[in-house]
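Colleague: just a sequence and a predicted model for now, questions to come.
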Amino acid sequence: MEINGVEIEDNFAEAFGIKVSRILITAATKKISTCGSYRSYRLRNISYWLPAEAGIDGYVPPQETPDGRPGYIIMICNMNKDKLDHELLERVGMCVLTAATTAVFDWMEEPDEKTQDRSEIKILW
C-alpha cells in the first residue's frame, strides 16, 4: 500500500484504548516551567513498571496562557481512569507544584468528561 508517496508494509500493529489528561504548566519564567514539565513527565518513566505514560506536548507562549506566563503542555496516559487520576495528582503534587511559581491548568481540547467551555478552565491544585 502507498499513502502520499510513502510505501506502507502490511504488517502487525496493536493499539489500546487509553484515557488521557492534558495539562498546562506555567511559571514565572520559561526555565522554571520547563523544569516543572520535565520533572512531571520523567517521574516513573525511568522505571521498569510504568503506571502511566507521559510526555511533553509542546510549548505555549505567555500570550496564549490563562495567567500570561510561559508554559508547557503535558499529556499523561493510562488505560484505567482511576489510575490516571491518581497518577495525575501524584505527578502534579510531587513534581510540578514543588517548583516555585508554577501553576497547573486543565488543557483538554475536546474532553469527554467535562464542559467544552474554555472559560471554565480552573487551576487543578
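Modeller: Nice, thanks for sending it over. Numbers count the residues shown, from 1 in each chain.

Colleague: in the protein, where is pLDDT below threshold?
Modeller: The chain contains residues with pLDDT under 70 at 13-14, 38, 40-50, 111-125.

Colleague: please enumerate the helices of it.
Modeller: Here the chain has its helices, by DSSP state H, at 30-42, 81-91.

Colleague: out of those, which one sits most buried?
Modeller: The highest mean neighbour count among the helices of the chain, using mean count of other C-beta atoms under 10 Å, belongs to helix 30-42: a mean of 20. Every C-beta, even on glycine, is put in place using the N, C-alpha and C of the backbone.

Colleague: buried ones in stretch 90-105?
Modeller: By neighbour count with 16 or more other C-beta atoms under 10 Å, stretch 90-105 contains the buried residues Glu90, Arg91, Val92, Cys95, Val96, Leu97, Ala99, Thr102, Ala103, Val104, Phe105.

Colleague: reformat the helices of the chain as a markdown table; add distance to Ile73.
Modeller: Shown next, in a markdown table, are the helices of the chain (distance: least, C-beta to C-beta, whole Å):
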| stretch | distance to Ile73 |
| --- | --- |
| helix 30-42 | 8 |
| helix 81-91 | 14 |
